[in-house]
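# need a 3D model of the sequence below.
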Amino acid sequence: MAEAATRERRYLTNSEAADFLKLSPRTLEKQRVIGGGPRFRKFGRRVVYAVDDLVAWAEARGCDSTSDHNYVAAR
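Residues are numbered from 1 along each chain as shown. Got it, this is the predicted structure:
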């Protein structure tokens, strides 16, 4: 726990975050408008994503089968 607290928080641009998640940058842009995407921050005109938030968002979408609630909700 202390390790996570002392870890430096790293921010990625939209393109870097999309690459990290293996998505297109346009997908993240759409999700910012309609919702359902990872948490983001806005610094002036810049939009950035914290790596911890990207990992948490991806982990929350884990599925065990196609009948899993997360799978159905993600479609």
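# show me the strands in the protein, by range?
Under the criterion DSSP state E, the chain contains strands at 11-13, 41-43, 46-50.
# which stretches of the protein have low pLDDT?
Across the chain, the ranges flagged by pLDDT under 70 are 1-8, 72-75.
# hmm, try it at 90
Where the chain drops to pLDDT under 90, the residues are 1-9, 61-75.
# before we move on, the earlier item: adding mean neighbour count, write the strands of the chain out as CSV.
(Glycine included, C-beta is placed from N, CA and C.) Shown next, in CSV, are these (neighbours: other Cβ atoms under 10 Å):
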stretch, mean neighbour count
strand 11-13, 16
strand 41-43, 9
strand 46-50, 17
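# out of these, which is closest to Asp19?
Smallest distance to Asp19 across the strands of the chain (Cβ to Cβ): 8.3 Å, for strand 11-13.
# mind listing residues that contact that closest one?
Applying Cβ atoms under 8 Å, 6 or more residues apart in numbering, the external contacts of strand 11-13 come out as 20, 41, 46-51, 54.
# contact partners for Val48?
Applying Cβ under 8 Å, 6+ apart, the residues near Val48 are 11-14, 17, 40-41.
# scratch that, Glu29 is what I was asking about
With Cβ under 8 Å, 6+ apart, Glu29 has these contacts: Asn14.
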